[in-house]
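Q: Curious how this folds, go ahead:
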Amino acid sequence: MIFKFLKAQNGDCTLIKYTDNSGAQRNIIIDSGLDATYFDLATNTFGELKAEIDDIKAHDQRIDLLILTHIDNDHICGFLKLFEMDEQIPGIINMVWFNSGKLIAEKIEIEANKALAIKMQQQGVVATGVSEGIDFEDFLLKYDFWARDLILGGQRHVIHDAQFEILGPTIAQLHKLLKEYQDKTEDDAYTSAGTNDWRTDVESFIQEEVSNYNFSQDTSVKNGSSISFILTLKGKKFVFLGDSHPRPITKALAELGHTAKKPLAVEFLKVSHHGSKANTNKKLLSTLDTEHYIISTNSQVYGHPHKRTLSRIIARNPNAIFHFNYENVRENIFSEADRGKYNIRARLTPSIFYKI
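A: Predicted coordinates:
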């Protein structure tokens, strides 16, 4: 069983490969990063997602589950480029999870606005991901592998021995997302400052948060709509949070019996929103017991990961191991002072293999 954290620029793209109890090889893809994860037009080169798709085909395997957690460009655009350039791809997909605008409107009994059928941004603008979500939905509607079921917190799914306990989104969050489709053309996640906070040392962050720091949760509606879940596979548990907001996820975990007093033991936590300080708070961290924290980003655009987030993790767990999929982030985020005072363990981790 292997988890691959593909180079997806400032986005996410995870491939899970395992053998089910019948001996069949299975593949799950979660998100797809930006275009260059599949094909980089600027350099005329294919990315890691292309190589993995080719490998799946070469071994006569299928994509058993394709998950788009939410519609931000750094999660969806690689899929759009894949579908544009690979005519064979529909023939190897078994199932898709995607909470589209029209699907939300239909399932929660709100009439879809006409805006759902038109593009809401100019070509090449990376403001919202709404038009990309519409393009993705239009593609999926042509094929039977999209069952058009809403994926919601509280659900449980078993697919080829992989068990999913869905933590989010909630119906309320999807109501808000529908309005995004209908009338919004800007996104807080893409208008926020792009500078990082790496010059501040870990000790300063820890001390500040002990005293008088007020946590401010991410306000992006699309991030809050992320499909997030606990995955149980081969007796091991993993948490994938997309770009979700911490308070609803903490509530969902509590409803499953996982609290600071009874934290859920997991192999790793895929940290929300590339380590943004507004998507991981101390209460969420207290409900999960792990040493391994996965962060996917090249840190080239929005200043992620925030060192404040990593400092919260260190304060919660001094034995934390940070896994990055880009060397520049692993190498540069922690200063010599940080490494001297704390037992910083930061690794370049393109993949994690579990021998079962």
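
Q: what about residue 307, neighbour count?
A: Using other Cβ atoms under 10 Å, residue 307 has 24 neighbouring residues. Any C-beta I mention is one placed from the backbone N, CA and C, and that applies to glycine too.

Q: Show the contacting residues for it.
A: 196-198, 200, 202, 205, 333-334 (Cβ atoms under 8 Å, 6 or more residues apart in numbering).

Q: Now, of those residues, which are buried?
A: Neighbour counting by 16 or more other Cβ atoms under 10 Å classes 196, 198, 200, 202, 205, 333-334 among those as buried.

Q: from those residues, which two are the most distant?
A: Based on Cβ to Cβ, the longest span within the buried ones among the contacts of residue 307 runs between 196 and 202 and measures 13.9 Å.

Q: what about the protein, any weak spots by pLDDT?
A: 109-129, 181-194 (pLDDT under 70).

Q: Show me the beta-bridge partners of the closest residue to residue 59 other than its chain neighbours.
A: Among residues not flanking residue 59 along the chain, residue 25 sits closest, at 6.9 Å (Cβ to Cβ, 6 or more residues apart in numbering). Using DSSP bridges, the bridge partners assigned to residue 25 are residue 19.

Q: what does the one 4 residues further on give?
A: In this structure, residue 29 bridges to residue 15, residue 66 when assessed by DSSP bridges.

Q: From residue 160, how far out is the residue nearest to residue 59?
A: Note on residue 25: its distance to residue 160, by Cβ to Cβ, to the nearest Å, is 10 Å.

Q: Looking at the two, which is more packed in?
A: Between residue 25 and residue 160, counting by other Cβ under 10 Å, residue 160 is the more crowded of the two (19 against 15).

Q: for the stretch 201-350 of the chain, what spans make up the strands?
A: Applying DSSP state E, counting those that start in this stretch to the stretch 201-350 of the chain gives strands spanning 228-233, 236-240, 264-265, 268-270, 288-289, 292-295, 321-324, 345-348.

Q: Now the residue sitting nearest the centre point of the chain. Nearest residue, chain neighbours left out?
A: Closest to where the C-alpha atoms of the chain average out (Cα atoms, centre = their mean) is residue 242, at 2.7 Å. Distance criterion Cβ to Cβ, 6+ apart; nearest residue to residue 242, sequence neighbours excluded, is residue 226 at 3.0 Å.

Q: Can you list phi and psi of the one you found for me?
A: Main-chain dihedrals, residue 226, degrees, to the nearest 10: phi -60, psi 140.

Q: burial measure for it, as a count.
A: Around residue 226 there are 32 other residues, counting by other Cβ under 10 Å.

Q: Contacts only, for it.
A: 69-70, 168-169, 241-244, 272.

Q: Would you show me how to pick out the buried ones of those in PyMOL?
A: To isolate the buried ones among those in PyMOL, judged by 16+ other Cβ under 10 Å, type:
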select buried, resi 69+70+168+169+241+242+243+244+272
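
Q: Now distance to residue 21 too, for the contacts of residue 226, in TSV please.
A: Formatted as TSV, the contacts of residue 226 follow (distance: Cβ to Cβ, whole Å):
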residue	distance to residue 21
69	27
70	31
168	28
169	30
241	27
242	28
243	32
244	30
272	31
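
Q: what's the farthest-apart pair in the contacts of residue 226?
A: Applying Cβ to Cβ across the contacts of residue 226, the maximum distance is between 169 and 272, 12.7 Å.

Q: Find residues that contact each of these two.
A: Shared contacts of residue 169 and residue 272, defined by Cβ under 8 Å, 6+ apart, are found at 226, 228, 244.

Q: How many residues are close by the second one?
A: Looking back up the chat, that one is residue 228. Other residues close to residue 228 by other Cβ under 10 Å number 26.

Q: In space, what's closest to residue 306 - neighbours in sequence excluded?
A: Nearest one to residue 306, counting by Cβ to Cβ, 6+ apart, is residue 277 at 3.9 Å.

Q: Quick one: residues contacting the one you found.
A: Counting by Cβ under 8 Å, 6+ apart, residue 277 touches 197, 306, 308-309.
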